[in-house]
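Q: Provided below for reference: sequence and predicted model.
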Amino acid sequence: MAEIEPILLSAITSSRVIFDKVSGMPRIIDIVQNIDAPRYPARHPQIVFFCELTNGHGTTKAKIRLIDAQDEEKVIFEREGAVKFGDVKQIVTLAMDLHGIVFPRPGEYRFQLFAGGSLVGERRITCRQVTIPPQTGTAESQGN
């Protein structure tokens, strides 16, 4: 019998996710859609891939990976594990805290979530090269 894939309800990238100690509910802090850096490769200090799944049946193999969308064979990060569902109506939350991910160049990247060997969804993130404006003189040098 083929494994039934869970349904991806949401996928978000953020700076932090805090889980309330009493309710267990997540608080997503600073959603990250773009990463701006003056030069590449660029190391991002911390990014959290957060997702919610439902319609799971028992224990399901899962894999999260980050790919360079300009070269889909280029996997930047990958981690495998298992997700356990008590029943099909349960919503399971995953939050993967990643430190020091290196983005090799500006462009589009995708966090992909696989369950039962199939891609169930992805979240796009864009890296942009930005120019930092030169610092102007101090208040003293401007006559203030």
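A: Nice, I can see it.
Q: run through this structure and note the low-pLDDT ranges.
A: Across the chain, residues meeting the criterion (pLDDT under 70) sit at 1-3, 137-144.
Q: can you do 50?
A: 1 (pLDDT under 50).
Q: tell me, what residue is most central in it?
A: F49 (3.0 Å; CA atoms, centre = their mean).
Q: ok, that one touching Y109?
A: No - with contact defined as CB atoms under 8 Å, F49 does not count as touching Y109 (11.3 Å). In short, each C-beta sits where N, CA and C put it, glycine included.
Q: overlap in contacts, those two.
A: L66 (CB atoms under 8 Å, 6 or more residues apart in numbering).
Q: C-alpha coordinates for stretch 88-104, PDB please?
A: Taking Å, rounded to 0.1, in the frame of the first residue of the first chain, the C-alpha atoms of stretch 88-104 are listed here in PDB:
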ATOM      1  CA  VAL A  88      -5.500  12.500  10.500                       C
ATOM      2  CA  LYS A  89      -7.000  15.700  12.000                       C
ATOM      3  CA  GLN A  90      -4.000  16.600  14.000                       C
ATOM      4  CA  ILE A  91      -1.900  19.600  12.900                       C
ATOM      5  CA  VAL A  92       1.800  18.900  13.400                       C
ATOM      6  CA  THR A  93       4.200  21.900  13.600                       C
ATOM      7  CA  LEU A  94       7.800  21.700  12.500                       C
ATOM      8  CA  ALA A  95      10.300  24.500  13.100                       C
ATOM      9  CA  MET A  96      13.900  24.000  11.900                       C
ATOM     10  CA  ASP A  97      16.300  26.600  13.300                       C
ATOM     11  CA  LEU A  98      19.200  27.000  10.900                       C
ATOM     12  CA  HIS A  99      22.400  28.900  11.800                       C
ATOM     13  CA  GLY A 100      25.100  30.100   9.400                       C
ATOM     14  CA  ILE A 101      23.500  29.100   6.100                       C
ATOM     15  CA  VAL A 102      25.600  30.300   3.200                       C
ATOM     16  CA  PHE A 103      23.900  31.600   0.100                       C
ATOM     17  CA  PRO A 104      26.400  31.400  -2.700                       C
END
